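# Below are the sequence and a predicted model for it; my questions follow.
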Amino acid sequence: MLFNASYETRRHQIARYFDKTAVGAWAKLTSDEPVSKIRQTVRVGRENIRNCILSWLPENMAGSRVLDAGCGTGAFAIDAAQKGAKVTAVDISPSLIKIARSRAPNFFDSKGSVDFFWGDMLDPAFGDFEHIVLMDSIIHYDPNEGFELIKQLGQRCKSSMIFTFPPFTPVLGTMISLGRFFPKSDRAPSIVPMSENHVFKKINQDFPDWRIGRVNKVSKGFYKSQAVELIR
């Protein structure tokens, strides 16, 4: 598992933010309640990227084990379970896990299931999976740490991994800078943009057992994200 001072410090900062400072805002953002115009663009963008990731997974996932690494309030995990998957959903915020559990149905007609856990996505006790999804889960980490997270999870994945990253553009850089001037309630933790070329080069160099599959960019107001599918 990844244990170094930088990773652990950043991990605890992110956990503290989502568990203490932003849990109410995050619960509202991921619900149907009215939100500010800024947060509405984030909501729509996240819905678009989530639907994209779901479309890349098999239509019939009966019996497939899926890890939702950094599940937040559980929307993706619940959708995957509705496709028949056996989902293990992990997050570092116990408050978000509590919300996710409250939103999950008791029974899925597809015979899928979802189990929510507060913990570290790298914990090997969660076992092996056919598919692993990291939706907006590495965007707050140093890029090298983010790739190390993906690499370690890949050791326990049989078929596909899907992750998202904020693609660097001058516009996004400006938006991140401007975001520092918005009220705190409208601000997420700092994100670390990466260029597409750097991401693809890193994968080609350091992930010999994987190849890049589908790629999709989503740009909606203040939400910019790029999904990448890795296939064995």
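Received the coordinates, thanks. Since we're looking at a predicted model, the values are computed, not measured. Numbers count the residues shown, from 1 in each chain.

# Report the secondary structure element holding residue 201.
Residue 201 is located in helix 196-206, with elements delineated by DSSP states H and E.

# Checking residue 115 next. Helix, strand or coil?
Residue 115 falls in the strand class when you classify it by DSSP: H, G, I helix; E, B strand; the rest coil.

# so it sits right up against residue 97, yeah?
No - using CB atoms under 8 Å, residue 115 is not in contact with residue 97, being 10.5 Å away. Quick note: C-beta positions are derived from backbone N, CA and C, even for glycine.

# If you count surrounding residues, which of these two has more?
Counted by other CB atoms under 10 Å, residue 115 and residue 97 do not tie: residue 97 has more neighbours, with 22 against 14.

# give the contact list for the more buried one.
Contacts were defined as CB atoms under 8 Å, 6 or more residues apart in numbering; by that measure residue 97 touches 71, 91, 116, 117, 118.

# Now do the helix or strand hosting it: distance to the chain's middle.
Secondary structure from DSSP H and E places residue 97 in helix 94-103. Here the centre of helix 94-103 is set off from its chain's centre by 16 Å, with CA atoms, centre = their mean, to the nearest Å.

# so is residue 219 in a helix, a strand, or just coil?
Assigned state for residue 219: strand (three-state reduction, three-state DSSP).

# Might one say that it is in contact with residue 42?
No - using CB under 8 Å, residue 219 makes no contact with residue 42, being 11.8 Å away.

# related to what we said a few turns ago, would you format the contacts of residue 97 as a markdown table with neighbour count, pLDDT and distance to residue 85 included?
Below are these laid out as a markdown table (neighbours: other CB atoms under 10 Å; pLDDT from 0 to 100; distance: CB to CB, whole Å):
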| residue | neighbour count | pLDDT | distance to residue 85 |
| --- | --- | --- | --- |
| 71 | 27 | 98 | 13 |
| 91 | 28 | 97 | 17 |
| 116 | 24 | 98 | 14 |
| 117 | 16 | 98 | 16 |
| 118 | 16 | 97 | 20 |
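
# For the residue most central in space within the chain, which residues are in contact?
When CA atoms, centre = their mean is applied to the chain, the residue found nearest the centroid is residue 135 (2.1 Å). The contact partners of residue 135, by CB under 8 Å, 6+ apart, come to 46, 49, 50, 53, 68, 70, 76, 162, 163, 164, 227.

# Residue ranges in the chain under the pLDDT threshold?
1-3, 170-189 (pLDDT under 70).

# Select the longest helix from it.
Taking residue count as the measure and DSSP state H as the definition, the longest helix of the chain comes out as helix 37-56.

# Now that helix: buried residues?
For helix 37-56, a neighbour-count test (16 or more other CB atoms under 10 Å) marks 38-43, 45-46, 48-50, 52-54, 56 as buried.

# what's the farthest-apart pair in those?
When the buried residues of helix 37-56 are compared pair by pair using CB to CB, the two farthest from each other are 38 and 56, 28.1 Å apart.

# ok so, going back, quick check: next helix or strand after the longest helix of the chain?
For helix 37-56, the following helix or strand on the C-terminal side (DSSP H and E) is strand 65-69.
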